[in-house]
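Peer 1: here is the input, now give the coordinates:
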Amino acid sequence: MEFKTLNNIDIEELLAVFNLSFSDYIIPFHLTKEMLTSKITAEKLDLSISVGAFEDGKLVSFILQSEKLENGQKIIYNGGTGVIPDSRGKGLVRKMYDFIIPALKERKANVLLLEVIEGNAGAIRAYENLGFTVVRKLLCFKGNINPGMENSMITIKDINNFQWENLRSFWDIEPSWQGSVYVLSPMQDKYKALGAYSGENLVGYIVYNPVARRVLQIAVHKNYRKQGIGSGLFTAIADGQPIAVNNVDDTSKETDRFLEKKIGLQNWLSQFEMKRII
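Peer 2: Residues are numbered from 1 along each chain as shown. Coordinates of the predicted model:
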């Protein structure tokens, strides 16, 4: 077995191993080449710090990773771990981490970060054995948007200039990796952002991917809540198709209630965010 980074991996080979690895997953899914390429771009995954296990020259396992600097810490995010069925039980995830962690230390990385489905007890146990601990629970919602009462005093229009320091002041919770400022900045063309304005003042906003039907961020200024602004933002993106809001910190009960009771989405899946200090 040989371990090396995925810097020179053929995307078709990675795609085949990715899909085979997740074919019998707790929630099976299948990506196209375009979807995998989009995931790598959207999550800013870096193949030079991602790692693969190769048997007889063929990829059989991988960890896709990205890196960001936040609050003085260099964080390495695991955007996907896969092992093909025939290569399981060989401790490949541990061996891949053993291979890549020295290189991450050389890059002055401080923290490893990942997400794992709450019901995947085997994976949770494996990551705990690698030194990861659960730091928070993340809720995933999906469904059709309820028609909402719009606030006639609010104007909703495109946002083109992102002043993240101002937008952060609207937050009660920190977004997960996919919705983080690092991933969203600069804003990608495939994302759409709408702001709710009271006069000239921005009082709420939503960032979403209309192709993937996924909301990345939604927030309303603390002084303007319970006035139909959040509902108006969801109504503005509604087109009769289901939409998803992933990885909402479950400590924000107000957000949970809003998404379920007001917007009409269902909490269909929960994940744990896990960390390990390098």
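
Peer 1: show me the biggest helix of this structure in terms of residues.
Peer 2: helix 92-106 (DSSP state H).

Peer 1: run through who's touching that helix.
Peer 2: When contacts are defined by Cβ atoms under 8 Å, 6 or more residues apart in numbering, helix 92-106 is touched by residues 1, 3-5, 49, 51-53, 60-63, 65, 76, 81, 83, 112, 126, 129-130, 278. The C-beta positions use only the backbone N, C-alpha and C, and glycine is treated the same way.

Peer 1: take those residues and keep only those in strands.
Peer 2: 3-5, 51-53, 60-63, 65, 76, 81, 83, 112 (DSSP state E).

Peer 1: domain assignment for the protein?
Peer 2: 2-109, 141-271 (automatic domain parsing).

Peer 1: and the ones you listed, which one is worst for confidence?
Peer 2: Of all these, domain 141-271 carries the lowest average pLDDT, namely a mean of 92.

Peer 1: ok, which stretches of the stretch 151-278 of the chain are strands?
Peer 2: In order along the chain, the stretch 151-278 of the chain carries the following strands (DSSP state E, counting those that start in this stretch): 155-158, 192-198, 201-209, 214-220, 243-249, 266-277.

Peer 1: just to revisit the earlier point, of the domains of the chain, which is nearest residue 118?
Peer 2: With Cβ to Cβ, the closest approach to residue 118 among those belongs to domain 141-271: 4.3 Å.

Peer 1: now that closest one: how far from the chain's centre is it?
Peer 2: In terms of Cα atoms, centre = their mean, to the nearest Å, the centre of domain 141-271 is found 15 Å from the chain centre.

Peer 1: give me the buried subset of the ones in strands among the contacts of helix 92-106.
Peer 2: Neighbour-count burial (16 or more other Cβ atoms under 10 Å) applied to those gives 3, 5, 51-53, 60-63, 65, 76, 81, 83, 112.

Peer 1: switch those over to TSV; also include distance to residue 27.
Peer 2: Output for these, formatted as TSV (distance: Cβ to Cβ, whole Å):
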residue	distance to residue 27
3	28
5	28
51	24
52	23
53	23
60	22
61	19
62	19
63	19
65	22
76	24
81	15
83	16
112	23
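
Peer 1: with the residues you listed in mind, which one is nearest to residue 224?
Peer 2: Closest approach to residue 224 among those (Cβ to Cβ): residue 76, at 37.0 Å.

Peer 1: residue contacts, that closest one?
Peer 2: Residue 76 sits next to 49, 65, 66, 67, 104, 109, 111, 112, 113, 278 when contact means Cβ under 8 Å, 6+ apart.

Peer 1: of the residues you listed, grab the buried ones for ChimeraX.
Peer 2: Buried subset of those, written as a ChimeraX selection, criterion 16+ other Cβ under 10 Å:
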select :49,65,66,67,104,109,112,113,278
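
Peer 1: tell me the one among the contacts of residue 76 nearest to residue 230.
Peer 2: Nearest to residue 230 out of the contacts of residue 76 is residue 113 (Cβ to Cβ; 27.9 Å).

Peer 1: the closest one and residue 12, how far apart?
Peer 2: Distance of residue 113 to residue 12, computed by Cβ to Cβ, to the nearest Å: 28 Å.

Peer 1: then residue 89?
Peer 2: Counting by Cβ to Cβ, the separation of residue 89 from residue 12 is 27 Å.

Peer 1: again, but for residue 125
Peer 2: For residue 125, the distance to residue 12 equals 33 Å [Cβ to Cβ].

Peer 1: check residue 112 too.
Peer 2: Going from residue 112 to residue 12 by Cβ to Cβ gives 28 Å.

Peer 1: follow-up on the earlier one: got TSV for the domains of the chain, with distance to residue 117 too?
Peer 2: Formatted as TSV, the domains of the chain follow (distance: least, Cβ to Cβ, whole Å):
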stretch	distance to residue 117
domain 2-109	6
domain 141-271	6
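
Peer 1: so which of those is nearest residue 135?
Peer 2: Between the domains of the chain, domain 141-271 lies closest to residue 135; by Cβ to Cβ that is 10.2 Å.

Peer 1: what sits against residue 58?
Peer 2: With contact taken as Cβ under 8 Å, 6+ apart, residue 58 is in contact with residue 13.

Peer 1: now do the one 4 residues further on
Peer 2: Residue 62 makes contacts with 6, 14, 17-18, 21, 50-53, 80-82, 96, as judged by Cβ under 8 Å, 6+ apart.
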